[in-house]
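Student: build me a structure from this.
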Amino acid sequence: MSDNERYFRDARTLMVDGQIRPNNIADDRVITAMRTIRRERFCPPAQTGRAYSDADLPLGHGRFMPAPLTIARLAQAAATHPGTRVLVVGANTGYGAAVLASGGAAVVALEEDEALRAMAAEALAAEAADVRLVAGPLAAGAPAQAPFDVIVIEGAVDMLPAAFAAQLTPGGRLVTILNDDGIGRLVVAEAVGGAFAHRTLADRNAPLLASFQRKAAFSF
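Tutor: Residues are numbered from 1 along each chain as shown. As a prediction, this is how the structure comes out:
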């Protein structure tokens, strides 16, 4: 093992023991994935030194790689098991998709940004080759690959997209961070009559995804 590999291995250990486990992340599959998957591989070269910091990492064009604890909270709330069909919306460079796939979920990762998708393809080939990476507008979801047991939106949204309800299996769920007047709420939502009813699990802020941002109303 090289000094560089040893450095990142130790950083992963510190991340899990200092950021993840003390914050009520108890899912063994999530913890094992985050101890094992090389998060630095999913970072742009200029950000690899911050791969394990408790921060959202800028990826350019207003997009971010969510902080490790955000990924852990989303993955734990998804409550997947081997064979669960999962769609990750806004997968950026693929780290969150890799964490979910590590637990045995069958993951489709949707990303609309070509540069991020190229980074994801390279990183996933090395860390989670079973993830299926697809291109398309985030707001549309992935109807061609539906239905899914779980849809995870990897970022904050101003509203829960009703169009996603039709892409879920009966009893399926949507997991994301809902912007509530500037406060992020980690929510799990179930489809009810073509819309979503949700419950809040915890407070957690994350960068807002422009595809799910409420348009400002015109006023005089």
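Student: could you tell me the end-to-end distance of stretch 64-83?
Tutor: 28 Å (C-alpha to C-alpha, to the nearest Å).
Student: any idea of the mean pLDDT for it?
Tutor: For stretch 64-83, the mean pLDDT works out to 98.
Student: just the buried residues of it, please?
Tutor: 64-78, 80 (16 or more other C-beta atoms under 10 Å). Where C-beta positions appear, they are placed from N, C-alpha and C, glycine not excepted.
Student: sketch out the low-pLDDT regions of this protein for me.
Tutor: 216-220 (pLDDT under 70).
Student: can you give me the strands for it?
Tutor: With DSSP state E, the ranges of strands along the chain come out as 57-60, 63-65, 85-89, 106-111, 132-135, 148-157, 168-180, 183-192, 195-203.
Student: list the neighbouring strands of the fourth one plus their orientation.
Tutor: The strands beside strand 106-111 in its sheet (DSSP bridges) come out as strand 85-89 (parallel), strand 132-135 (parallel).
Student: now distance to Thr200 too, for those, in TSV please.
Tutor: Listed next are these as TSV, based on distance: least, C-beta to C-beta, whole Å:
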stretch	distance to Thr200
strand 85-89	20
strand 132-135	30
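Student: just put those in JSON lines and tack on distance to Phe8 and mean neighbour count.
Tutor: Output for the strands paired with strand 106-111, formatted as JSON lines (distance: least, C-beta to C-beta, whole Å; neighbours: other C-beta atoms under 10 Å):
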{"stretch": "strand 85-89", "distance to Phe8": "23", "mean neighbour count": "27"}
{"stretch": "strand 132-135", "distance to Phe8": "23", "mean neighbour count": "15"}
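Student: for the residue nearest the centre of the chain, what are its contacts?
Tutor: Nearest residue to the geometric centre of the chain (C-alpha atoms, centre = their mean): Glu154, 3.5 Å. By C-beta atoms under 8 Å, 6 or more residues apart in numbering, the contact set of Glu154 is Pro66, Ile71, Leu74, Val88, Val89, Gly90, Ala91, Asn92, Gly96.
Student: wait, doesn't the third one sit right on Val152?
Tutor: Yes: between Leu74 and Val152 a contact is recorded at 5.5 Å, counting by C-beta atoms under 8 Å.
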